[in-house]
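1. Here you go, sequence then predicted model.
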Amino acid sequence: MIRSGVVISGKYKIIGHVDSGGMSDIYKAYCFKSKKIVALKFQKEIYENNKEMREVFRKEAETFKKLNSKYIVGCVEVGQYNGSMYIAMDYIEGQVLKKMIEENGPFSVKDTVEIGRKILRGLGHAHQKNIVHNDLKPQNIIMKNDTDPLLIDFGIAHSPVDAKDENEVIGSVYYFSPEQAKAEHTDKRSDIYSFGVILYEMCTGKLPFVGDDPLTIALMHVHQKPKAPIELNPDIPESLNRIILKALEKEPDKRYQNALEVLGDLNRVFEDPKGDFVKQRTEKRSHWLSKKSSRIFLYCTIPLVFLFAIISGWMLLSSISLRHNNTYMPNLTGKDIMAAEEQVAAMDIILVKNEVEDNNTDGGVIISHEPEAGTVLKKGQVVVLNVSGPGIVVEMPEVTGLSMAEAKAELDLYDIGEVNIKWQVSDDAAQNEVVAQYPLAAEMVKTTETVTLTVNTVKDKYVELIPNVIGLNIKEALLEVSGSGFSAVYLYEVDKGSSGIVLSQYPGNDIESFSGPMRLTILNRGYEKYVAVIPLDAKLLAKGHNLAITADENFDGITAEMILYEKEYSNAEEYMDNNNGTVKVYLYRQNTDQNINVNTTIYIDGAAVSKVNTVFYKVNE
């Protein structure tokens with residue numbers, strides 16, 4: 001893992017780790033040249049000595065360099081750092097299309113068509129460059145907003161001229177084309193089929209084929225006709241229904257032959273809702289048989305066709321599951337790690353366990369895995385299991401009776417990093433003496449758990465504990481407050497008075513016992529005004545009623561949080577009624593860029609429930 005602050009190739013400063021996939025790690029970085037935030041995609045260290053996986057990453061990098069479309073994530077450059085290849089890409093704030101479908105589907109016909117058109121423009125650009133995506137699915141499409149998609153992950157894309165082994169099965173089974181399921185050669189028409197599945201899912205909220213296991217689903221793609229989408233959603237016009245079914249034809253020759261053909265028909269969906277313009281491709285049939293001979297031929301061939309279907313089904317099953325030792329990735333999410341290991345013991349794959357923190361599950365449970373369920377695995381392929389770790393569990397030391405500094409040093413020995421200080425005022429204990437602790441001594445605790453220490457201060461020293469910072473400028477005030485043991489510093493900014501001066505504080509030095517953050521009200525600094533619209537799921541409000549949104553601020557290395565929004569709601573319904581699911585917030589920054597990226601945190605009843613990087617746009621007043 002690359003640490004924050006590391007400079008890559010003299011161009012990019014790592015801000016932090018964003019995400020991990022089965023093959024790669026993605027970092028957020030600042031580009032010194034463009035003065036913009038970018039994403040850096042590095043191949044994982046575990047593949048450094050794997051020639052095949054290095055070649056896959058190299059091909060993806062080469063593919064990205066060829067593409068230049070507003071509907072494909074932009075490639076800044078391809079480079080190397082310490083012997084590892086990386087791809088520098090545009091950093092996109094957005095949601096994965098799959099998640100949007102799951103949360104908001106089915107989409108309206110208007111949105112389905114609009115999103116579909118834009119996906120086709122990106123796909124068509126790739127096809128013009130002779131690149132087949134081969135893994136087109138809503139998980140590989142990021143939505144910049146409600147209707148602007150960006151294609152990502154060309155990791156298994158290829159040129160039909162430089163085709164892969166005909167027996168190699170690639171892609172994800174729910175969005176497989178029949179030729180992918182049969183391990184046959186694929187071209188751009190395979191992407192058209194996968195696009196048809198995406199259209200189907202967007203307008204119905206359902207997949208055309210689901211089954212108990214990946215092999216069953218693969219066989220459905222080859223042999224079974226999907227239920228017409230109009231049967232699942234009667235609001236779909238016949239024109240869109242026909243377009244989807246044509247894209248989902250089993251035979252590539254009967255489908256749309258390229259993205260431009262599909263786009264042409266999608267553009268006419270509302271013009272002719274009956275869909276008479278959707279022409280079905282049919283094979284020319286010979287008429288040399290007489291009616292009588294045709295009947296005889298038909299009667300004779302029915303049992304033969306039935307027998308052939310059985311044989312071909314068996315051959316397909318064999319080819320998919322056995323040919324070249326290909327096998328499908330099972331769904332292991334939610335399973336105990338030991339049970340999962342037993343389930344895949346017979347598979348010729350390499351398991352890599354990645355421990356992650358998850359407060360919603362017990363230790364040893366698989367949170368997610370890469371590749372996802374239904375993906376075809378190669379012999380010896382690395383599978384990364386993201387497992388909820390119990391964390392490192394230690395015995396809580398006894399720290400009561402020690403000074404605050406001694407207690408913190410003792411906890412550091414156990415790698416317990418989160419310490420919350422609660423103060424009491426009494427002459428019965430020494431200054432800065434720890435008089436209570438939670439958890440108690442000898443209890444087993446995670447190293448990630450927060451420890452609360454109650455620290456004493458004598459009355460004549462209490463005035464020194466909480467400094468009076470009213471009238472100081474913000475930097476001076478933060479220097480005074482930073483050494484006083486507060487869990488955090490929150491700032492309010494008001495539009496009057498001298499800029500950057502502290503107007504009020506809470507707590508003041510007249511309070512005898514206090515635990516928590518310091519709150520400072522400062523006067524507007526006269527900076528540029530920026531705005532952002534932050535979506536908020538009503539489910540979050542079910543956890544409490546007090547909503548607050550903050551933005552991270554940094555003053556010469558001292559961190560604080562600027563409170564952008566704070567309000568109490570009686571219930572989640574009141575919030576949704578008043579805000580339509582969003583909150584508009586304003587931020588003042590000394591900046592000349594049209595938009596800036598800022599870390600924002602959502603609090604419900606004082607507890608942080610979400611921390612994301614948010615784009616703020618400059619307000620031109």
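-> The structure has been received and is ready for your questions.
2. Check whether residue 78 really touches residue 65, as I assumed.
-> Yes: the criterion here is Cβ atoms under 8 Å, and residue 78 meets it with residue 65 at 5.9 Å. In short, each C-beta sits where N, CA and C put it, glycine included.
3. higher neighbour count, these two?
-> Neighbour totals were compared for residue 78 and residue 65, and residue 78 leads with 17 against 12 (other Cβ atoms under 10 Å).
4. looking at this, that one is in a strand?
-> Yes: counting by DSSP: H, G, I helix; E, B strand; the rest coil, residue 78 is found in a strand.
5. Now the spatially closest residue to it that is not a sequence neighbour: phi and psi?
-> Spatial nearest neighbour of residue 78, chain neighbours left out: residue 61 (4.3 Å); criterion: Cβ to Cβ, 6 or more residues apart in numbering. Main-chain torsions, residue 61, degrees, to the nearest 10: phi -60, psi -40.
6. for stretch 247-266, what is the average pLDDT?
-> Across stretch 247-266, the average pLDDT comes to 94.
7. mind saving the C-alpha coords of that stretch as PDB?
-> What follows is stretch 247-266, C-alpha atoms only, in PDB (Å, rounded to 0.1, in the frame of the first residue of the first chain):
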ATOM      1  CA  ALA A 247     -30.100  -6.900 -28.900                       C
ATOM      2  CA  LEU A 248     -30.700 -10.100 -27.000                       C
ATOM      3  CA  GLU A 249     -30.900 -12.400 -30.000                       C
ATOM      4  CA  LYS A 250     -29.000 -15.700 -29.500                       C
ATOM      5  CA  GLU A 251     -27.300 -15.600 -32.900                       C
ATOM      6  CA  PRO A 252     -24.900 -12.700 -33.400                       C
ATOM      7  CA  ASP A 253     -26.000 -12.300 -37.000                       C
ATOM      8  CA  LYS A 254     -29.600 -11.600 -35.900                       C
ATOM      9  CA  ARG A 255     -28.600  -8.900 -33.500                       C
ATOM     10  CA  TYR A 256     -27.700  -5.300 -34.200                       C
ATOM     11  CA  GLN A 257     -24.300  -5.400 -35.800                       C
ATOM     12  CA  ASN A 258     -22.800  -2.300 -34.200                       C
ATOM     13  CA  ALA A 259     -23.500   0.400 -31.600                       C
ATOM     14  CA  LEU A 260     -24.500   2.900 -34.400                       C
ATOM     15  CA  GLU A 261     -27.400   0.700 -35.500                       C
ATOM     16  CA  VAL A 262     -28.800   0.400 -31.900                       C
ATOM     17  CA  LEU A 263     -28.300   4.200 -31.400                       C
ATOM     18  CA  GLY A 264     -30.300   4.900 -34.600                       C
ATOM     19  CA  ASP A 265     -33.200   2.800 -33.300                       C
ATOM     20  CA  LEU A 266     -33.100   4.300 -29.800                       C
END
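8. And for it, what's in contact with it?
-> Stretch 247-266 is contacted by residues 113, 116-117, 120-121, 123-124, 127, 177-179, 187-193, 195-197, 199-200, 208, 222-223, 226, 239-240, 243, 246, 277-278, 280-283 when judged by Cβ atoms under 8 Å, 6 or more residues apart in numbering.
9. I'd like to know which of those residues are buried.
-> 113, 116-117, 120-121, 123-124, 127, 177-179, 187-193, 195-197, 199-200, 208, 222, 226, 239-240, 243, 246, 278 (16 or more other Cβ atoms under 10 Å).
10. Starting from the least confident helix or strand in the chain by mean pLDDT, tell me the next helix or strand along the chain.
-> Within the chain, no helix or strand scores below helix 291-322, which has a mean of 40 by mean pLDDT, DSSP states H and E. Moving toward the C-terminus from helix 291-322, the next helix or strand (DSSP states H and E) is strand 327-328.
11. What pairs with that following strand, parallel or antiparallel?
-> The pairing partners recorded for strand 327-328 under DSSP bridges are strand 376-377 (antiparallel).
12. Next SSE downstream of the partner strand?
-> strand 382-388.
13. Which strands or helices does that following strand pack on?
-> For strand 382-388, the elements it packs on are helix 337-343, strand 350-356, strand 366-370, judged by 3 or more Cβ pairs under 8 Å, 6 or more residues apart in numbering; DSSP states H and E.
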